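> Structure for this input, please:
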Amino acid sequence: MSAHGSPIPMTSRKSGALKGEAHVPGDKSISHRSLILGAMAIGRTEISGLLEGQDVLDTAKAMEAFGAKVTDHGSGQWSVDGVGVGGFQEPETVIDCGNSGTGVRLIMGAMSTHNITATFTGDASLNKRPMSRITDPITEFGATSYGRSGGRLPMTIVGAKSPVPVRYSVPMPSAQVKSAVLLAGLNAPGETIVIEKEATRDHTERMLTGFGADVSVETSSEGRIITLKGYPELKPQTITVPRDPSSAAFPVCAALICEGSDVLVPNIGLNPTRAGLFTTLREMGANLTYENERSEGGEPVADLRARFSPDLKGIEVPPERAASMIDEYPILSVVASFAQGKTIMRGVRELRVKESDRIDAMARGLRANGVEIEEGEDWWIVTGRGHGEVQGGGTCATFLDHRIAMSFLILGMASESPVHIDDGGAIATSFPIFETLMGELGAQITRNNH
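Here you go, the predicted model:
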């Protein structure tokens with residue numbers, strides 16, 4: 001079953017040169033945070049370029065359930081009339097976050113220091129994902145949680161009546177956990193401190209500062225220490241959402257492996273905590289350039305130009321880069337299949353608990369298409385076959401995971417035989433225009449009618 005209906009089997013065939021501009025959707029991480037912080041500000045926040053994928057729409061509905069007014073003005077223009085820090089009201093119904101781990105974890109954090117109760121659920125994929133990484137720190141604020149075994153959804157959070165500030169060391173590199181604790185700290189007295197041993201994407205810290213919160217960041221022997229002062233009055237903002245680097249990864253990587261391609265992907269956010277894939281591709285010998293580099297809303301932005309790169313080489317990706325490209329390892333493994341030699345990826349345990357076990361899902365699918373894979377608990381190695389040598393012809397299970405589905409469709413665009421996926425339905429959660437956009441560049445992707 002697809003996340004939102006019947007399965008949508010799809011096939012991707014070898015394409016000619018991809019040409020043109022790929023206008024990918026707005027950044028998912030920034031879209032979620034714009035809605036949540038807009039709801040916690042007093043006054044109207046105006047957002048342009050919001051990603052209108054199902055994950056973000058579910059967060060918009062959740063903010064309305066907590067009392068904010070969220071309005072869709074069309075063409076990616078949205079507004080949020082916020083209720084202020086501490087102003088969340090108790091929702092009347094269960095909050096359904098669909099497929100979104102980011103949405104549910106950030107919202108749980110934000111509401112956990114309010115004296116209200118809320119119940120959260122999601123689709124079959126989200127309901128398997130671990131939530132104890134959020135319920136552990138919010139318990140320290142004084143909240144209580146009741147969920148299924150293994151800390152899984154559906155789950156009810158009883159917010160803290162008298163929240164206390166927390167000093168929390170994040171046990172794994174996770175921007176979601178860090179962000180949930182910071183959002184909880186907004187409605188707690190004193191200073192909430194989060195310590196992360198490895199830097200993860202910092203959109204929450206940047207955006208909190210933009211909304212007027214008192215946030216400081218320092219680096220010490222413990223790691224990165226983020227201090228937030230509680231009870232700020234968040235001021236509404238006008239936000240232009242940069243385009244999503246995780247979505248840009250797909251047309252960029254397709255252009256690198258399809259002969260004769262030249263694709264421009266404009267207005268991509270290049271926050272250093274998110275741009276690890278592009279750094280890695282350039283180290284592999286990709287013809288990938290940054291044009292028109294600039295800053296928008298405190299975030300670095302550039303236009304990416306990707307051209308066919310027949311001489312890619314396998315490399316060892318530094319483990320410390322994992323947090324800045326954790327969502328991009330599936331598509332990187334596709335590019336690695338067309339490189340010469342081994343691409344080694346370590347320190348990627350987090351991939352085991354994403355929308356699917358992404359290491360297992362990619363290993364199975366790549367093997368089905370003639371690519372040699374070795375894997376361990378927190379590492380995997382792809383032995384590249386070089387351009388023109390990936391056989392294809394396999395059928396890949398996507399496990400309700402949008403990035404797995406899109407990665408295997410890109411594989412089929414450069415492999416010798418077509419690649420099939422069992423269900424592309426989940427693609428709509430993050431990249432609803434994927435098929436149209438890739439088709440306009442010249443990709444041969446079709447839905448298989450039953």
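> When you work out contacts or count neighbours from here on, use the C-alpha atoms and nothing else.
Will do.
> For the residue in the chain sticking out farthest from the centre, give me its contacts.
Outermost residue of the chain with respect to the C-alpha centroid, by Cα atoms, centre = their mean, is residue 162; its distance is 32.7 Å. By Cα atoms under 8 Å, 6 or more residues apart in numbering, the contact set of residue 162 is 113, 115, 142.
> how far away is it from residue 179?
Going from residue 162 to residue 179 by Cα to Cα, to the nearest Å gives 21 Å.
> thought residue 110 was touching residue 180?
Yes - under the criterion of Cα atoms under 8 Å, residue 110 makes contact with residue 180 at 6.5 Å.
> mind showing which ranges of this protein have poor pLDDT?
Residues of the chain meeting the criterion pLDDT under 70: 1-4, 297, 450.
> Show me it divided up by domain.
For the chain, automatic domain parsing gives the domain ranges 10-26+242-447, 28-230.
> Could you work out the end-to-end span of the longest one for me?
Taking Cα to Cα as the measure, domain 10-26+242-447 stretches 4 Å from start to finish.
> next one: the shortest one
For domain 28-230, the separation between the terminal residues is 26 Å (Cα to Cα).
> Quick one: closest of the domains of the chain to residue 236.
Nearest to residue 236, of all these, is domain 28-230, at 4.6 Å by Cα to Cα.
> could you pull out the helices for the stretch 201-350 of the chain?
Applying DSSP state H, counting those that start in this stretch to the stretch 201-350 of the chain gives helices spanning 203-210, 245-257, 276-283, 329-337.
> Mind checking those helices for the one nearest to residue 306?
helix 245-257 (5.6 Å).
> What is that closest one packed up against?
Helix 245-257 sits against strand 262-269, strand 299-307, helix 329-337, helix 402-414, with contacts defined as 3 or more Cα pairs under 8 Å, 6 or more residues apart in numbering; DSSP states H and E.
> what angle separates it from helix 329-337?
10 degrees (axes from the mean of the first three to the mean of the last three Cα atoms, to 10 degrees).
> from the middle of its chain, how far away would helix 245-257 be?
Put simply, helix 245-257 sits 15 Å off its chain's centre (Cα atoms, centre = their mean, to the nearest Å).
> With stretch 180-198 instead?
Centroid displacement of stretch 180-198 relative to its chain, using Cα atoms, centre = their mean, is 21 Å.
> Can you get me the start-to-end distance on it?
Terminal residues of stretch 180-198 are spaced 17 Å apart (Cα to Cα).
> Can you tell me what sits against it?
Contacts of stretch 180-198 (Cα under 8 Å, 6+ apart): 85-86, 105-114, 134, 137-138, 141, 163-171, 173, 178, 222-232, 320, 323.
> one more time with 7 Å
By Cα atoms under 7 Å, 6 or more residues apart in numbering, the surrounding residues in contact with stretch 180-198 are 85-86, 105-106, 109-113, 137-138, 163-170, 173, 178, 222-232.
> Please apply the same query to stretch 342-354.
Outside stretch 342-354, the residues within contact range by Cα under 7 Å, 6+ apart are 129, 314-317, 319, 322, 336, 357-359, 377-384.
> Return the members of these classed as buried.
Buried by 16 or more other Cα atoms under 10 Å: 129, 314-315, 317, 322, 336, 357-359, 379-384, out of the contacts of stretch 342-354.
> With respect to residue 246, which of these is nearest?
Of all the buried ones among the contacts of stretch 342-354, residue 322 has the smallest distance to residue 246: 13.6 Å, by Cα to Cα.
> For that closest one, give its distance to residue 369.
Taking Cα to Cα, one finds residue 322 at 26 Å from residue 369.
> so residue 268 bridges to which residues?
Beta-bridge partners of residue 268, counted by DSSP bridges, are residue 243, residue 302.
> What is the nearest of the buried ones among the contacts of stretch 342-354 to residue 214?
residue 322 (28.7 Å).
> so what's that closest one up against?
Counted by Cα under 7 Å, 6+ apart, residue 322 has contacts 347-348.
> any idea how far it is from residue 385?
Going from residue 322 to residue 385 by Cα to Cα gives 24 Å.
> if we can go back for a sec, mind putting the helices and strands packed on helix 245-257 into CSV with distance to residue 17?
Putting these into CSV (distance: least, Cα to Cα, whole Å) gives the following:
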stretch, distance to residue 17
strand 262-269, 8
strand 299-307, 10
helix 329-337, 16
helix 402-414, 10
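> Check those for me and report the most buried one.
helix 402-414 (a mean of 28; mean count of other Cα atoms under 10 Å).
> For it, which helices and strands make contact with it?
Judged by 3 or more Cα pairs under 7 Å, 6 or more residues apart in numbering; DSSP states H and E, the packing partners of helix 402-414 are strand 10-13, helix 329-337, strand 419-421.
> next SSE after the first one?
So that's strand 10-13. As assigned by DSSP states H and E, the chain's next helix or strand after strand 10-13 is strand 19-21.
> who does that following strand pair up with?
When pairing is defined by DSSP bridges, strand 19-21 lines up against strand 262-269 (parallel).
> Kindly indicate whether residue 81 is helix, strand or coil.
At residue 81 the chain is in strand, as set by DSSP: H, G, I helix; E, B strand; the rest coil.
> Likewise for residue 184?
What three-state DSSP gives for residue 184 is helix.
> That one - how many residues pack around it?
31 (other Cα atoms under 10 Å).
> need the helices of the stretch 201-350 of the chain in a markdown table with distance to residue 263, can you?
Converted to a markdown table, these look like this (distance: least, Cα to Cα, whole Å):
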| stretch | distance to residue 263 |
| --- | --- |
| helix 203-210 | 27 |
| helix 245-257 | 6 |
| helix 276-283 | 15 |
| helix 329-337 | 16 |
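> what's the closest of these to residue 99?
helix 245-257 (16.4 Å).
> got the CA coordinates for the closest one in CSV?
C-alpha atoms of helix 245-257 as CSV (Å, rounded to 0.1, in the frame of the first residue of the first chain):
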residue,chain,number,x,y,z
PRO,A,245,18.8,20.8,-1.5
SER,A,246,17.5,17.3,-0.7
SER,A,247,15.1,17.5,-3.6
ALA,A,248,17.7,19.2,-5.8
ALA,A,249,19.8,16.1,-5.3
PHE,A,250,17.7,14.1,-7.7
PRO,A,251,17.9,16.2,-10.9
VAL,A,252,21.6,17.0,-10.1
CYS,A,253,22.5,13.3,-9.7
ALA,A,254,20.5,12.3,-12.8
ALA,A,255,22.4,14.9,-14.9
LEU,A,256,25.7,13.5,-13.7
ILE,A,257,25.0,10.0,-14.9
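> Now do it and helix 402-414, the angle between them.
10 degrees.
> how about helix 245-257: buried residues?
Residues of helix 245-257 classed as buried: 245-257 (neighbour count, 16+ other Cα under 10 Å).
> So which residues make contact with it?
18, 22, 24, 27, 261-263, 265, 268-269, 286, 306-309, 327-328, 335, 338, 410, 414, 431, 438.
> out of the helices and strands packed on helix 245-257, nearest to residue 154?
Smallest distance to residue 154 across the helices and strands packed on helix 245-257 (Cα to Cα): 21.7 Å, for helix 402-414.
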